[in-house]
Structure formats: structure tokens, C-alpha cells
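*Asks:* A predicted structure for the sequence below; I have some questions about it.
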Amino acid sequence: MPISLISRWYRHQLERLSGHTSLVIMWLAACWLLTGCQSGPYYFHAIRGQWEIETNKTSIASLQSDPDTASSMLETFEAVERIRRFAFWQMALPADQAYEDYVALNRPCVVWNVTACQPFSMEAHQWWYPLVGKLGYRGFFNPSLAEACATSMRQRGYDVVVEEVAAYSTLGWFRDPIFSSLMSWPTDQLAELIFHELAHQRAFLPGETDLNEAFATVVAREGVEWWLNSEGRTMDLARYRRAKKVEDRFVHLVMTCRGQLESFYATLNPKDISSGHDALEKLQARKASIFMDFRRHFEHTLIQEPGLMAYQAWMNKPLNNARLKSWDTYYRHVPVMETLWDQHVGDWEGFYKAFESFDKNHKRAVTSSTDSDHA
């Protein structure tokens, strides 16, 4: 998931000032002032968070040569190297400048993302970032700041979700590391994450969150299948495919609910939403009934597909537009990206270039096609 909070200029300045703490503090303060009163504190926090990651990196090679490194860590590092080699040589991904370092975190994840939607809309609130433009989420290195942002958005009437993020892509501005929170992951999941984040480095459309995530999701899925097959891990490949089928079934349930909500919201106008307490209660009741139908459909499908139990914990939490939007962001345009992949099977470079060449007409066609697929 791309957070890419710091531009190449930021990187140059950080490297130039490395070792001069007072200059770094003055420079960060200048960035704070120049970015304005409201966004300044956020960028200050983001720069500080990225700086802490950069200064806490340890080369994986040095840990591999350290006799005190745990055998479980060595196994994961060896898997990461195999994944990197495959990504670079077989998938044409820029793995030569990523995942060569390790960062030990004192927290369960690297960042927390805040997603917010209006109470009667499936469109995510957009935040602007340097270099990448608008994104439908706000990333925080500090969970307290994420919760403060979420609270502020809730007070403004938004549906909000705060989600843990295992890794993110800096789009090549920094050498992305392996975080301690990833060390216990199965290798197929680790490969999926690495391929996904490297895909963002290889091809990225500024301001197009949903398309970027769908593209990276398809790259990751196809990449894992190719990688497992290349290693002769037929049983792992079969298990991975079964897990993806279950995931696809859950995504279908989510997308069906999203479509129902979107159809309902499309019938409303500003007057409906602001026409008084009683009218608003009726709208909220209709929204709640759609979520209730979603829960019933999930429970019914769970009987047919016990593998969906993996999503029971997610279903047990309160539902709102923002929670569905998080899935929507990653999967809504996956069918279109899969069609694009089918036109370039085995030609990774051709697939990347086709995605990069999307223009406004392509994007409109993608949206129309995806909406009809989930209708």
C-alpha cells in the first residue's frame, strides 16, 4: 500500500543533513511552516516516522552473518532473498533496491491508515500528498494520531475505520525494508506483500488509489502462483489457490453489499439527508437493513464455505461505509486488471506498460465496466 509521504527532494535533504541533528530539526521545522498550519504537523510527523525507519535499518546480510541471529529469522531472510530474485529476474520488478534491510518495530504494524466516507456515500474522503496527489486514506506512524484523526472525522459525521498496515511502498524514494511484524508470515503471504509493494514502485497512476491497488493486487496474486510453481511447491500452490477462492467469495459478498448501498445512496439528494431528524432516521434504518442483509448472507454462505471463518472476526465488528470501502479500494477494479493481464500473460513488462498508458477514457471505461460487473 503506497504511503509515499516524502519526495525525492526530501530524501536528498535528509541524506545531506545526516549526522547533523540540529540542522535536521531546523529543516523539519521549516517543512512544517512551509506546508501550512493544518497539513504542517501531519508532514512533520510523517517525516519523523520515515526518518526513524531509515535510522533503524540493519542490513539483512549482516544479520545473516551474525551467529546470534535466530534460525527462524534466517529462514525468513532466505525466503525474502528468493522472492526478491524472482521478482527481479522473472517479473521485471525493481527488487534490486528493496528488502535488503530489516527494521525491528516496537509496535504491531508499521502504520495505521484512516479511511473515511460520508454517511450516505461510498466515496472515500481524499487527502492530498506531495508527488502522488490525492489518496483515499491518511497514514500514521503513531496510533494515537490515527485515532485523533478518526475521532475528528467522526465528529464531522463521517463513517470511519482505522486499520493496521503491515508494510507500504515509498515508490522507490527509499529502500523499503522488511519489518519485524512480517517475520512470522507464511512465505506465500510474504511473497504476495512484496510483489504488491514492488508493483507500486514499477507502475503508479497519481491520484488513482483504486486502480493502483487493483493493479498491484493482480501482480501479487499472479506473481505468487508463478513463484510457487517455479519452486515446485505444488501443495502450497494448491492451498494458495483455495485460499484465494475463499477470499474471492468473501469479496463478492462485500461488493454485493457495496453495490446495494451505492444504489440506495444514488436515489438520495441533499434535501433528503437534511430534511429533519425523522427523515434521517429512516435513511439510517434503511442503511442498517442493508448491512443486516450482508451479515445474513455471510452466515448463510459460511455454512456452504467453512473457509470463510477466516473473516468472522472482521464481520463481528461494526459495519460502516469506510470498512467496506477498504475492500472496495483493493478489489473493485480487479476484474478489469485481470482482463488486462489475460492480454499479456507472461509478458510482465507489457502488462506494466499497458497499465501505465491508461488515460481518462480508459478510467471511465473501467469504472463503468466494474459497476456493471457488481450490479
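*Replies:* Thanks, I have the structure now. Residues are numbered from 1 along each chain as shown.

*Asks:* mind showing which ranges of the stretch 251-375 of the chain have poor pLDDT?
*Replies:* Of all residues in the stretch 251-375 of the chain, those with pLDDT under 70 make up the ranges 275, 359-375.

*Asks:* Tell me where it has helices.
*Replies:* Counting by DSSP state H, counting those that start in this stretch, the stretch 251-375 of the chain forms helices over residues 270-273, 277-304, 312-316, 321-331, 334-342, 348-356, 360-373, given from the N-terminal end onward.

*Asks:* centre of the chain versus the fourth one, how much separation?
*Replies:* Put plainly, it is helix 321-331. 10 Å (Cα atoms, centre = their mean, to the nearest Å).

*Asks:* Quick one: closest of the helices of the stretch 251-375 of the chain to H125.
*Replies:* helix 321-331 (8.8 Å; Cβ to Cβ). Quick note: C-beta positions are derived from backbone N, CA and C, even for glycine.

*Asks:* and that closest one, what does it pack onto?
*Replies:* strand 111-117, strand 159-165, helix 209-230, helix 234-266 (3 or more Cβ pairs under 8 Å, 6 or more residues apart in numbering; DSSP states H and E).

*Asks:* and R332, which of these is closest to it?
*Replies:* Using Cβ to Cβ as the criterion, the shortest distance between R332 and these is 5.8 Å, found for helix 209-230.

*Asks:* Output that closest one in PDB, but only the C-alpha positions, please.
*Replies:* What follows is helix 209-230, C-alpha atoms only, in PDB (Å, rounded to 0.1, in the frame of the first residue of the first chain):
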ATOM      1  CA  THR A 209      -5.900   4.900  -5.500                       C
ATOM      2  CA  ASP A 210      -8.400   2.200  -6.500                       C
ATOM      3  CA  LEU A 211      -6.800   1.400  -9.900                       C
ATOM      4  CA  ASN A 212      -3.300   1.300  -8.300                       C
ATOM      5  CA  GLU A 213      -4.400  -1.200  -5.600                       C
ATOM      6  CA  ALA A 214      -6.300  -3.400  -8.100                       C
ATOM      7  CA  PHE A 215      -3.200  -3.500 -10.400                       C
ATOM      8  CA  ALA A 216      -0.900  -4.300  -7.500                       C
ATOM      9  CA  THR A 217      -3.300  -7.000  -6.200                       C
ATOM     10  CA  VAL A 218      -3.300  -8.800  -9.600                       C
ATOM     11  CA  VAL A 219       0.500  -8.500  -9.900                       C
ATOM     12  CA  ALA A 220       0.900 -10.000  -6.500                       C
ATOM     13  CA  ARG A 221      -1.600 -12.900  -7.000                       C
ATOM     14  CA  GLU A 222      -0.200 -13.900 -10.400                       C
ATOM     15  CA  GLY A 223       3.300 -13.500  -9.100                       C
ATOM     16  CA  VAL A 224       2.800 -15.800  -6.100                       C
ATOM     17  CA  GLU A 225       1.400 -18.500  -8.400                       C
ATOM     18  CA  TRP A 226       4.300 -18.200 -10.700                       C
ATOM     19  CA  TRP A 227       6.800 -18.200  -7.800                       C
ATOM     20  CA  LEU A 228       5.400 -21.300  -6.000                       C
ATOM     21  CA  ASN A 229       5.200 -23.100  -9.300                       C
ATOM     22  CA  SER A 230       8.900 -22.300 -10.100                       C
END
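
*Asks:* Report the angle between that helix and helix 321-331.
*Replies:* 50 degrees (axes from the mean of the first three to the mean of the last three Cα atoms, to 10 degrees).

*Asks:* can you give me the strands for the stretch 1-150 of the chain?
*Replies:* Listed from the start of the chain, the stretch 1-150 of the chain has strands (DSSP state E, counting those that start in this stretch) covering 58-59, 101-103, 111-117, 127-129, 133-135, 138-140.

*Asks:* tell me the domain ranges of this protein?
*Replies:* With automatic domain parsing serving as the domain definition, the record reports that the chain contains domains spanning 8-186, 235-373.
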